[in-house]
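>>> Any chance you could fold what I've pasted below:
(one chain, ligands or ions: 1)
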Amino acid sequence: MSFASSEETLDLFQKYVIPNYNRYPVALTHGEGSYVWDAEGNRYLDLFNGWGCNLLGHCPPALVEAVRDQLGKLIHVPNTWHTELQGRWAEALSKRSFGGQAFFCNSGTEANEAAIKLARLHTPKQRYKIITFEGGFHGRTFGSTSATAQPKYHEGLGPLMAGFVYAPFGDLDAVSRLIDDETAAIMIEPIQGEGGVRVPPEGFLAGLRQLADQHELLLIFDEVQAGCGRTGHWFAYQGFGVTPDVMTLSKAICGGLAGGAMLTTADIAKSLRPGMHACTFGGNPIAARAGLAFIESVERDGLLENAQRVGEVFRRRLEQLRQQCGVIRDVRVRGMMIGLELSIEGAPTVKTCLERRLLINCTHSTVIRLLPALNLTEQQASEGCDILADVLMKQAGNHVRE
Ligand SMILES: *Cc1c(COP(=O)(O)O)cnc(C)c1O
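Below is the predicted model of the structure:
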């Protein structure tokens, strides 16, 4: 198969694609594991694999094979029918989490919309408020955008959906003060992703659990980014020992295909009565088959353990770099969720790494974020760290001279 050049593809975008994204001026054509190629045949090491969605790397063979097989059997049936696949997928997620039931959808924002509706439906009528956190990110539909306590995502969009109350991340007293008779839920990412791979202070999530129990609120964890094995636990909450009432998942849930889910206990799930919520493609046979193949692959290949092990390689290397390089403020590593907080803007680092054929990301202006595949090897981690170290050392040097 021959490909158009990157330039030709950029032309098509210029003419026909709405320019609502900042895109790199490169067209990608194919990928394998943690490597991806552009139209000119350049190979990149991908440490931000599919924005975190390709948790098994690009085109993992077992998943490709399962989906190919499924395409010839049943692609889509509406949720007016049962399929064994959707049932098995729900079972697999339930058994690895807190034993509840699943509602399926196609994206993170949809999973959160379901959680927002559920919070209002499950609690007494006068309760509608949901406490969310500064620096959080929950998606781009109106409910999730309103839940996202970052002004830059709200500009020009108002009025937003009513009922969200924002608290500083990590401030338990502030949360406590915000709770009143109209509060239905607390919704939080157990590790903030877009907010800069921010890990909550010790005891914070446990404190939220306590407040939720005390005031009969739902505790909702948005694990769209941190869940599905990313942190070296099936779900990030397991690493903190604090169990939510509701959990939302997407990004990696189908190993790179579109999928999403909201999980909750069977008791709370009763509040989402027939007719109250739906999603046409939610839990479709292709997504379910991919979701199951994803889980099987992670367990067959011991990838949760690998994420912990290779995460430690990153921690060692990046801590070392922090000692040598004046522009690194903090290193945060939870399995394969990695943040490097700089004292300078991160965009030039990302750009120079791209030129060096290393794909990384910058979020929150100054945080270099890596979301590598769970099956990244120690050698690939070293290869990436070598390039990143080289680029950052040079930038730190320039920074001193300025
Ligand atoms: C990416 C993300 C979302 C939104 O997911 P979409 O699939 O883009 O709708 C929601 N919450 C968190 C924590 C995310 O990282």
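>>> Any residues of this protein in contact with the ligand? List them.
Proximity of the chain to the ligand is confined to 107-109, 112, 137-139, 189, 193-194, 222, 224-225, 250-251 under the rule C-beta under 6 Å from any ligand atom. C-betas here are computed from N, CA, C, even on glycine.
>>> do that again at 8 Å, thanks
Applying C-beta under 8 Å from any ligand atom, one finds that the chain approaches the ligand through 51-52, 106-112, 136-141, 144, 189, 192-194, 222-226, 248, 250-251, 258, 260.
>>> Report the buried members of these.
By neighbour count, with 16 or more other C-beta atoms under 10 Å, the residues of the chain next to the ligand hold 52, 106-112, 136-139, 141, 144, 189, 192-194, 222-226, 248, 250-251, 258, 260 as buried.
>>> where does the stretch 301-402 of the chain dip in pLDDT?
Within the stretch 301-402 of the chain, the segments meeting pLDDT under 70 span 400-402.
>>> likewise the chain?
Per-residue confidence for the chain (pLDDT under 70) gives these ranges: 1, 400-402.
>>> from it, which residue is nearest to the ligand?
In the chain, the residue found nearest to the ligand is Gly108; the distance is 2.3 Å by C-beta to the nearest ligand atom.
>>> so that residue makes contact with Ala252?
No. Counting by C-beta atoms under 8 Å, Ala252 is not a contact partner of Gly108; they are 10.5 Å apart.
>>> thinking again about what came up before, mind listing which of the buried ones among the residues of the chain next to the ligand are in helices?
Among those, the members falling in helices are 108-112, 144 (criterion: DSSP state H).
>>> can you map out the helices along this structure?
Counting by DSSP H, the helices of the chain are 6-16, 61-71, 84-96, 108-122, 142-147, 172-178, 204-215, 236-240, 266-269, 285-300, 303-324, 347-355, 378-401.
>>> contacting residues around Phe314?
Remark: with contacts taken as C-beta atoms under 8 Å, 6 or more residues apart in numbering, Phe314 is in contact with 333, 338, 370, 381, 385.
>>> what is the third one paired to in the beta sheet?
Beta-bridge partners for Leu370, by DSSP bridges, are Ile338.
>>> Excluding covalently adjacent residues, which one is nearest to Glu383?
Closest residue in space to Glu383, ignoring its immediate chain neighbours: Leu45 at 6.0 Å, by C-beta to C-beta, 6 or more residues apart in numbering.
>>> re earlier: out of the helices of the chain, deepest packed?
Between these, helix 108-122 has the highest mean count of neighbours, a mean of 25, where neighbours are mean count of other C-beta atoms under 10 Å.
>>> helices or strands next to it in the packing?
Contacts of helix 108-122 with other secondary structure elements, assessed using 3 or more C-beta pairs under 8 Å, 6 or more residues apart in numbering; DSSP states H and E, are made with strand 101-105, helix 142-147, strand 183-188, strand 218-222, strand 246-249, strand 260-264.
>>> how close does Tyr35 sit to Gly143?
Look at Tyr35 and Gly143: by C-beta to C-beta, to the nearest Å, they are 38 Å apart.
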